[in-house]
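Enquirer: from the sequence below, what's the structure:
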Amino acid sequence: MKLVVIGGTGLVGSKVVQSLAARGHEAVAAAPSTGVNTVTGEGLAEVMAGAAVVVDVSNSPALDDSAIEFFRTATTNLLTAEQNAGVRHHVALSVVGTGDLAAQSGYFQGKLLQEKLISEGPIPFSIVHATQFFEFVNTLADSATVGDTVVLPPKYFQPMAAVDVAEGVAIAAVGEPVNGIAEIGGPDMVLLPDLIRTALTSRGDSRTVVADQAASYWGVDIDERTLVPGPGATLFDTRFEDWLLESAAKS
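Expert: The predicted structure is shown next:
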């Protein structure tokens, strides 16, 4: 079966391609670097030829209000090209808590619009909601740093490794469309400040991590469990401490 992975050269996309290929499928990585651009439409018709499934793990270049137009244009172009090519299943990667986060974030408004276009579109679909990636915890710490202090709300999240995100997306891609949302997450629920403190300590970062109820998450006020998947989520096994050790061994 031919599957096209939009964003297939990126952190998650390249792993999705590998996972699908390991299952014996023809997985095609599509990105601007391979001549496929979802915003301009360049290369879409050609890469969709003969495809049964399209997996979209691409992302907006910016995490601000410009994401709204990005997701509107890219998703509309994708769905149109898929319909013309006879694609039978559209799979998209999104974020646990998108509905709540969209109230205060242009980026998440864009993600919510993406989900709406997909759910109201012509192609049977599966939307995979994933929790925060381990790979982004240092970036999260930087976004919450004031001077030498990282200030984060004591709210729960359940982060996961990018390789497990890719596996969850690949499983959805080779399955039947759910025409709804499937949630995936990591094995452990933990408070944001506690995990960030562990991450910084592991790399000898001397910044102090402070829990503050008034602090935000990427500029968004969140509830205690906004970032936690629901009881029906599929949870993967990679623990943060094991991921840290593996990452250190590779560096």
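Enquirer: what about H90, helix or strand, and which?
Expert: Using DSSP states H and E, the secondary-structure element containing H90 is strand 89-95.
Enquirer: which residues does stretch 24-38 contact?
Expert: When contacts are defined by Cβ atoms under 8 Å, 6 or more residues apart in numbering, stretch 24-38 is touched by residues 1-10, 13-14, 16-18, 20-21, 42-44, 47, 51, 56, 58, 73-75, 77-78, 174. (C-beta placed from N, C-alpha, C; glycine too.)
Enquirer: drop anything exposed from those.
Expert: When burial is judged by neighbour count using 16 or more other Cβ atoms under 10 Å, the buried members of those are 1-8, 10, 13-14, 16-18, 20, 43-44, 47, 51, 56, 58, 74-75, 77-78, 174.
Enquirer: go through those residues and flag which are in strands.
Expert: Using DSSP state E, K2, L3, V4, V5, I6, D56 are the members of the buried ones among the contacts of stretch 24-38 that sit in strands.
Enquirer: the third one pairs with what?
Expert: Beta-bridge pairing for V4 (DSSP bridges): V28, V54.
Enquirer: name the nearest of the ones in strands among the buried ones among the contacts of stretch 24-38 relative to A166.
Expert: Closest to A166 out of these is V5 (9.6 Å), distances taken as Cβ to Cβ.
Enquirer: now do the residue nearest to that closest one when sequence neighbours are not counted against V12, distance only.
Expert: By the measure of Cβ to Cβ, 6 or more residues apart in numbering, the closest residue to V5 outside its immediate chain neighbours is V55, 4.7 Å from it. Computed with Cβ to Cβ, to the nearest Å, the distance linking V55 and V12 is 10 Å.
Enquirer: between these two, what contacts are shared?
Expert: Both V55 and V12 are in contact with L93, V169, where contact means Cβ under 8 Å, 6+ apart.
Enquirer: the more surrounded of those two?
Expert: Neighbours of V55 and V12, each counted by other Cβ atoms under 10 Å, are more numerous for V55; the result is 32 against 25.
Enquirer: for that one, give me its contacts.
Expert: Shown here is V55, whose contacts under the criterion Cβ under 8 Å, 6+ apart are L3, V4, V5, I6, G8, G13, V16, V91, A92, L93, V169, A173.
Enquirer: cool, thanks, signing off.
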